[in-house]
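**Q** Coordinates for the following, if possible.
(2 chains)
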Amino acid sequence: MKEQDVILKVENLSKQYRLGTLGTGTISHDLNRWWSAVRGKQDPYLKIGESNDRASKGTSEYVWALKDINFEVKRGEVLGIIGKNGAGKSTLLKILSKVTGPTTGNIKANGRIASLLEVGTGFHPEMTGKENVFLNGAILGMTKKEITSKLDEIVAFSGCERYIDTPVKRYSSGMKVRLAFAVAAFLEPDILIVDEVLAVGDAEFQKKAIGKMQDISSEGGRTVLFVSHNMAAVQNLCNRAIIMKNGRISAMGHTKTIIEEYLKDGNKVNEVLRDKNTFKHEFKSFIKSVHLIDPKTEQMKTSFRMGEDIGVIVNCYHMDILKDSGINVRMDSIEGVRLVAWRTKEFGINIPRKSELSVKLTIPHLNVFNGIYNLTFALVDGNEIVDYLESIVNIEVIPAKIDLFKKTINKTYNIMYSHCEWEFK
Amino acid sequence: MKQEKWLTEISPKTKLIDFNFKEVWQYRDLLLLFVKRDVITLYKQTILGPLWYLIQPLFTSIIFTLVFNNVAGIKTGGIPPFLFNLAGITIWNYFKECLVGTSDTFKKNEAIFGKVYFPRIIMPMSIVVSNLLKFGIQLLIFVVFYIYFIFNGHELMPNSSIVLLPVLIVFMGMLGLGLGMIISSMVTKYRDLTFLVSFGVQLLMYISLVVLPLSLFQEKGFEWAVAYNPMAYIIEAGRFLLLGEGTVSEFGIVYTVLVSIFVLLLGITIFNKTEKTFIDTI
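**A** Okay, here's the model as predicted:
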């Protein structure tokens, strides 16, 4: 029965924000609020407010970033939280980690809540690695005794033994992240919150973070709330998931059904645009944008029928500074299985040396069953990865009749189909 | 399977005074580590290092002595003017550092407060504690000069009530912390206060009897200017404890104690109210 314990319970949680610049009108609103409070009335600004739809322009200055959120998490469960940018995921996590308070509603929890999103924020550059381990550990809620007993493990896990008595300002950024993560990894909370760890750090760090999460939930029997845009990671890690939309929970259930619903719900990421400011270095080659097209009509498209030709457009910037450039495209299933990859080098294709380059990749008759797949892109120079966009574009393949089969075959347990010959003796 | 016992509860309702002492106690190690951080990092990569602790009050005293006592001719009773100023400045500095240090708590720690929770009050408390060390060093330099003046034939009697000095410091710390917390909470919404603090403290010093003795205010009939300033009573009392010169009234003691407690409680209340939502307004 122990597994059935509800460890976290969120009831009618709402959070209101004021839009626009603060400043003008702040005092008048405050006075108005205060006057209502004195007369024992409700906050006059709580009544107004609209649901949080980023795209449509509202009339009210106040907006509900979260509205009537209700859910429960059981001990040992890994709950995935997915949703578009601005759907309220981060606000929810902020309230859960007590960084900001809710406007109405409440959260009840049985145990220590900690989040992995703040790795390294408490570091002081002038102090040594060891001093920072203590400080950061204490900020995350550990006592000095706890840290002392785990110090050797933390240092070993970080792989920074040699530099542990050197001020952190002499560390490379990677070492800082390692050390900070090592501290957080030994925190042992009852409920762990992970927000977009995948967005920061290198591939190795991401793997470590995910691995640690898996350990925590499977071995430690502890609860994890995982927020990510990476559907493959959510699929692999979570038992249950919720979709957030405009500050509300729009669906809740088994991860697989939830993800499919989410991807069908017009939430498909079909084009990615990045601007130069994403990068620190001005003259770095990078993938500017990617999108899917119908190779014949060149129209933008996100859903393809089984067996249909798929066109991928990749636009790259500053390609002329690469000596030995190559472009890799990989297709994964939603579970994160790497299905197929197209690499210019393997095909013996030489990429023209141009600053701005638009690449069109046509994949004729991709023999996969219906379902949702995603594409990962990499820009390489020799063996070095210059830019990497993981699971950035989704392809929806819809069921269709294929000449190969005599009747319409729907997806069963297989991902791919193939031509074949049957012979009987 | 009902389970109605919860270890943690997050809700918007705030009691008027909602000070979770147990939680602060759990984080006591963090308080000490913040103090350690402040102390060891303050003068990193400076040539004179902790000597700056000494240079600042010494030079201020020298200039004050020159301007107010030698040029303007203000009398300081039987005490050497330099010692009179040094005592005032040493005590005042502790209050000033506590107030200024804590008044930008939210703004300065926005990055860390925005990402991780710990009782926010730990931060201003750590500033008040780490300033104590600075105050200790400055008090030491005062003692050095005190002894120097005695050897030079000045009639200075160490007052037996000097044992009350820690009590005085506690109330001064409470006052600085409380005021600093009130300001830091309001700064999250109204940035104007940042400017007010930096020069307001400067002005407050002149009506806190740091350079001018109370007797002078009384003489000229401007007693009202300092009558409601708790810091004036603290400085005067401090000087009395250190140098045996000054007036300590019963009203002053009671008034200062009450104001300090009130300001601290008010500070905690406002601070606690702000810490839950400041990240949305800053």
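**Q** Going by C-alpha atoms from here, please, whenever you check contacts or count neighbours.
**A** OK.
**Q** For the stretch 1-150 of chain A, which residues are neighbours of chain B?
**A** Contact residues of the stretch 1-150 of chain A with respect to chain B, defined by Cα under 8 Å from any Cα of the partner chain, are listed as A:17, A:22-23, A:26, A:94, A:96-112, A:115, A:117-118, A:121-122, A:126-127, A:134-135, A:138-141, A:143-144.
**Q** Inside helices: which ones of these?
**A** When helices are assigned by DSSP state H, the members of these inside them are A:26, A:94, A:96, A:134-135, A:138-139, A:144.
**Q** List buried residues within the residues you listed.
**A** Of all these considered here, the ones buried according to neighbour count by 16 or more other Cα atoms under 10 Å in any protein chain shown are A:94, A:96, A:134-135, A:138-139, A:144.
**Q** Against chain B, how distant is the spatially most central residue of chain A?
**A** In chain A, the centroid-proximal residue (Cα atoms, centre = their mean) is A:Ser228; its distance is 2.6 Å. Separation of A:Ser228 from chain B (Cα to the nearest Cα, to the nearest Å) stands at 17 Å.
**Q** Please look at A:Thr103 and A:Arg18 and confirm they touch.
**A** No. Counting by Cα atoms under 8 Å, no contact exists between A:Thr103 and A:Arg18, whose distance comes to 11.9 Å.
**Q** between the two, who's got more neighbours?
**A** Set A:Thr103 next to A:Arg18 and count neighbours by other Cα atoms under 10 Å in any protein chain shown: A:Thr103 wins out with 20 against 16.
**Q** Which pLDDT does the model give B:Val35?
**A** For B:Val35, the pLDDT comes out at 91.
**Q** and if you look at A:Thr103?
**A** Per-residue confidence (pLDDT) for A:Thr103: 85.
**Q** which residue sits closest to it in space, ignoring its chain neighbours?
**A** Nearest in space to A:Thr103, with sequence neighbours left out and distances taken as Cα to Cα, 6 or more residues apart in numbering or on different chains, is A:Lys15 at 4.7 Å.
**Q** helices or strands next to the strand or helix carrying the one you found in the packing?
**A** In the assignment (DSSP states H and E), A:Lys15 maps to strand A:6-18. In this structure, strand A:6-18 packs against strand A:62-74, strand A:104-109, with contacts taken as 3 or more Cα pairs under 8 Å, 6 or more residues apart in numbering or on different chains; DSSP states H and E.
**Q** before we move on, back to that, check contacts around the residue nearest to A:Thr103.
**A** A:64-67, A:102-104 (Cα atoms under 8 Å, 6 or more residues apart in numbering or on different chains).
**Q** and what of B:Ile122?
**A** B:Ile122 sits next to B:24, B:27, B:30-31 when contact means Cα under 8 Å, 6+ apart.
**Q** just those that are near chain A?
**A** If you filter the contacts of B:Ile122 for contact with chain A, counting by Cα under 8 Å from any Cα, you are left with B:27, B:30.
**Q** Show only the entries of the contacts of B:Ile122 found in helices.
**A** Among the contacts of B:Ile122, the members falling in helices are B:24, B:30-31 (criterion: DSSP H).
**Q** and those as TSV, adding neighbour count, pLDDT and distance to B:Val144?
**A** Output for these, formatted as TSV (neighbours: other Cα atoms under 10 Å in any protein chain shown; pLDDT from 0 to 100; distance: Cα to Cα, whole Å):
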residue	neighbour count	pLDDT	distance to B:Val144
B:Val24	17	86	38
B:Leu30	28	91	34
B:Leu31	25	92	31
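**Q** quick one: which of those is nearest chain A?
**A** Among the ones in helices among the contacts of B:Ile122, B:Leu30 lies closest to chain A (Cα to the nearest Cα), at 5.0 Å.
**Q** Point out where the stretch 101-250 of chain B drops to low pLDDT.
**A** Low-confidence segments of the stretch 101-250 of chain B (pLDDT under 70): B:157-159.
**Q** Close to chain A: what parts of it are there?
**A** Taking Cα under 8 Å from any Cα as the criterion, the contact residues of the stretch 101-250 of chain B with chain A come out as B:111-118, B:189-190.
**Q** Pull out the buried residues from the residues you listed.
**A** With neighbours counted by 16+ other Cα under 10 Å, these contain buried members at B:112-118, B:189-190.
**Q** Next, the contact list for the residue nearest in space to the middle of chain B, please.
**A** The C-alpha lying nearest the average C-alpha coordinate of chain B belongs to B:Phe95 (Cα atoms, centre = their mean; 2.0 Å). If you count contacts by Cα under 8 Å, 6+ apart, B:Phe95 has them with B:172-173, B:175-176.
**Q** Give me the domain ranges for chain A.
**A** A:1-112+A:190-199+A:220-267, A:271-398 (automatic domain parsing).
**Q** Quick one: the helices in chain B, in order.
**A** For chain B, helices defined by DSSP H occupy the ranges B:21-26, B:28-41, B:51-64, B:81-103, B:105-108, B:110-113, B:122-151, B:165-187, B:192-206, B:214-220, B:224-227, B:230-243, B:250-275, B:278-281.
**Q** quick revisit: the domains of chain A: lowest mean pLDDT?
**A** Set side by side, the domains of chain A give their lowest mean pLDDT on domain A:1-112+A:190-199+A:220-267, at a mean of 76.
**Q** Tell me the gap between that one and the middle of its chain.
**A** Taking the mean of its C-alpha atoms, domain A:1-112+A:190-199+A:220-267 sits 15 Å from the chain's own mean (Cα atoms, centre = their mean, to the nearest Å).
**Q** do the same with stretch A:343-363
**A** The chain centroid and the centroid of stretch A:343-363 are separated by 29 Å, computed with Cα atoms, centre = their mean.
**Q** With stretch A:108-116 instead?
**A** Averaged over its C-alpha atoms, stretch A:108-116 has a centre that lies 20 Å from its chain's centre (Cα atoms, centre = their mean).
**Q** For that stretch, list every residue counted as buried.
**A** When neighbours are counted by 16+ other Cα under 10 Å, the buried residues of stretch A:108-116 are found to be A:108-110, A:113-116.
**Q** go on, stretch A:354-367?
**A** A:357-358, A:360-362, A:366-367.
**Q** Start and end of that stretch, how far apart?
**A** Stretch A:354-367 has its terminal residues 33 Å apart, counting by Cα to Cα, to the nearest Å.
**Q** tell me how far that stretch is from the chain's mean position?
**A** Here stretch A:354-367 is found 26 Å from its chain centre; the criterion is Cα atoms, centre = their mean.
**Q** and if you look at stretch B:249-267?
**A** A distance of 14 Å separates the C-alpha centroid of stretch B:249-267 from that of its chain, computed with Cα atoms, centre = their mean.
**Q** So which bits of it are buried?
**A** By 16+ other Cα under 10 Å, the buried positions in stretch B:249-267 come out as B:252-253, B:256-257, B:259-260, B:263-267.
**Q** Between these, which sits nearest chain A?
**A** Lowest distance from chain A to the buried residues of stretch B:249-267 (Cα to the nearest Cα) belongs to B:Leu266, with 16.8 Å.
**Q** residue contacts, the closest one?
**A** Applying Cα under 8 Å, 6+ apart to B:Leu266 gives the contacts B:178, B:182.
**Q** Just the pLDDT for it.
**A** You'll see B:Leu266 listed with a pLDDT of 92.
**Q** Look up how far B:Cys98 lies from it.
**A** Counting by Cα to Cα, the gap from B:Leu266 to B:Cys98 is 16 Å.
**Q** now A:Thr297
**A** To B:Cys98, A:Thr297 is 70 Å away according to Cα to Cα.
**Q** more crowded one of those two?
**A** In this comparison of A:Thr297 against B:Cys98, neighbours counted by other Cα under 10 Å, the higher total goes to B:Cys98 at 29 against 8.
**Q** Would you reformat the domains of chain A as CSV and include distance to B:Ser103?
**A** Converted to CSV, the domains of chain A look like this (distance: least, Cα to Cα, whole Å):
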stretch, distance to B:Ser103
domain A:1-112+A:190-199+A:220-267, 20
domain A:271-398, 34
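**Q** B:Val71 is nearest to which of those?
**A** Relative to B:Val71, the nearest member of these by Cα to Cα is domain A:1-112+A:190-199+A:220-267, separated by 46.7 Å.
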